[in-house]
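Q: any chance you could fold what I've pasted below:
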Amino acid sequence: MDILPGKITSLVGLNGAGKSTLISLIMNFKQKDSGTIKRTAVSVMPDAETMIEDMTGEQFLKFISELKKISKEQKKVFYDLADSLFIKDDLKKKIKSYSFGMKKKVSFIQAYIGEFDTYIFDEPTSGVDIESARTMMKYLINLKNQGKAVLLTSHNIDEVQEFSDYIFLLKQGEIVKHGTVEEIINKKNDQSYILKLDVTNLESSFDKYCQEEYIIVGDEITIVSQDLVKVNNLMVKVIQAGGLVVAFGKEQQKLKDVIFTNG
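A: You can find the predicted model right below:
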């Protein structure tokens, strides 16, 4: 697999699939049995429980800044990040007093600061409030727009669908699916079509025209079918009988509906 510059690449998989293990191999936290890993300058957000908890948040971030040889001007960035993630006032407190979400935010900040070719974020938004999670993803987009390579792991499939340029699905340590969001969704062959009809002025019972299953909500009828010819024929019959087409189009598939299916 390749983690490309200017792209957000996501690793998706159930617990134990190998996501964190792969990151550990990339970072040389663990030794590989075989294969080759090529990497340049990488900054990583590991598990939030790996920080030095007897330090304050500010002490820890300054410590990381020294390790990364960040300039004084760049150090101001982590204060801005802390402010945007609502923990600036907590930086004077010891990390051991932080909630899990606060630890995740500090871990995110220490990974974001500094100039690197690649940034790895392991479950950055897990356990974080919604507003802060959206802010984190905006910062990842900022890295992407700077031409950085970003590797993301997440159990939030909606988040993965919205922000990923490329996805690798891991299952028991192996890549079982990969591609863009569109490519993965379109690999599912049972594409469905949605037709919404207003049959208020229909000449006779709707059942006379339709052999498909349908849902009635108020004055509207919704049909979901994989047979485009049948849907087109139904539209013609309904219009000729005095009904109206309210909406028609392909069903908008969700990544989570297809990514964990067999095959």
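Q: tell me the pLDDT at the closest residue to residue 100 other than its chain neighbours?
A: Once flanking residues are discounted, residue 100 sits nearest to residue 127: 4.8 Å by C-beta to C-beta, 6 or more residues apart in numbering. For the C-beta atoms, the positions are set from N, CA and C on the backbone; glycine is no exception. We have a pLDDT of 91 for residue 127.
Q: cool, residue 187 as well?
A: We have a pLDDT of 63 for residue 187.
Q: could you do residue 218 as well?
A: 68.
Q: quick one, longest helix in the protein?
A: Longest helix in the chain by number of residues (criterion: DSSP state H): helix 130-145.
Q: buried residues in that helix?
A: Residues of helix 130-145 classed as buried by neighbour count (16 or more other C-beta atoms under 10 Å): 132-133, 135-137, 139-140, 143-144.
Q: what's the answer for stretch 47-63, then?
A: Across stretch 47-63, burial judged by 16+ other C-beta under 10 Å covers 48, 51, 55-58, 60-62.
Q: how about residue 175, nearest residue that isn't a chain neighbour?
A: Closest to residue 175 by C-beta to C-beta, 6+ apart is residue 168, at 5.3 Å.
Q: where does the residue lying closest to residue 136 once chain neighbours are set aside sit, in terms of helix or strand?
A: Leaving aside its chain neighbours, residue 136 sits nearest to residue 124 (5.3 Å; criterion: C-beta to C-beta, 6+ apart). Residue 124 is part of no helix or strand, with elements assigned from DSSP states H and E.
Q: go ahead and confirm residue 124 touches residue 44.
A: No - if you go by C-beta atoms under 8 Å, residue 124 and residue 44 don't touch, sitting 11.0 Å apart.
Q: who's more crowded, these two?
A: Shown here are residue 124 and residue 44; by other C-beta atoms under 10 Å, residue 124 has more neighbours (27 against 19).
Q: what lies in contact with stretch 90-101?
A: With contacts defined as C-beta atoms under 8 Å, 6 or more residues apart in numbering, stretch 90-101 is touched by 48, 51-58, 60-61, 79, 82, 102-103, 106, 127-129, 132.
Q: was I right about residue 148 contacting residue 121?
A: No - using C-beta under 8 Å, residue 148 is not in contact with residue 121; the gap is 11.5 Å.
Q: of these two, who's got more company?
A: residue 121 (27 against 19).
Q: how far away is residue 213 from residue 97?
A: 56 Å (C-beta to C-beta, to the nearest Å).
Q: surely residue 116 touches residue 45?
A: No - with contact defined as C-beta under 8 Å, residue 116 does not count as touching residue 45 (11.8 Å).
Q: between those two, which is the more surrounded one?
A: residue 45 (24 against 18).
Q: how close does the more buried one sit to residue 117?
A: Counting by C-beta to C-beta - residue 45 and residue 117 are separated by 16 Å.
Q: same question for residue 34.
A: 25 Å.
Q: next: residue 214.
A: Noted for residue 214: a distance of 54 Å to residue 117, by C-beta to C-beta.
Q: what do you get for residue 68?
A: Taking C-beta to C-beta, one finds residue 68 at 13 Å from residue 117.
Q: residue 234 too?
A: Distance, residue 234 to residue 117, using C-beta to C-beta: 55 Å.
Q: those two: which is more packed in?
A: residue 234 (23 against 14).
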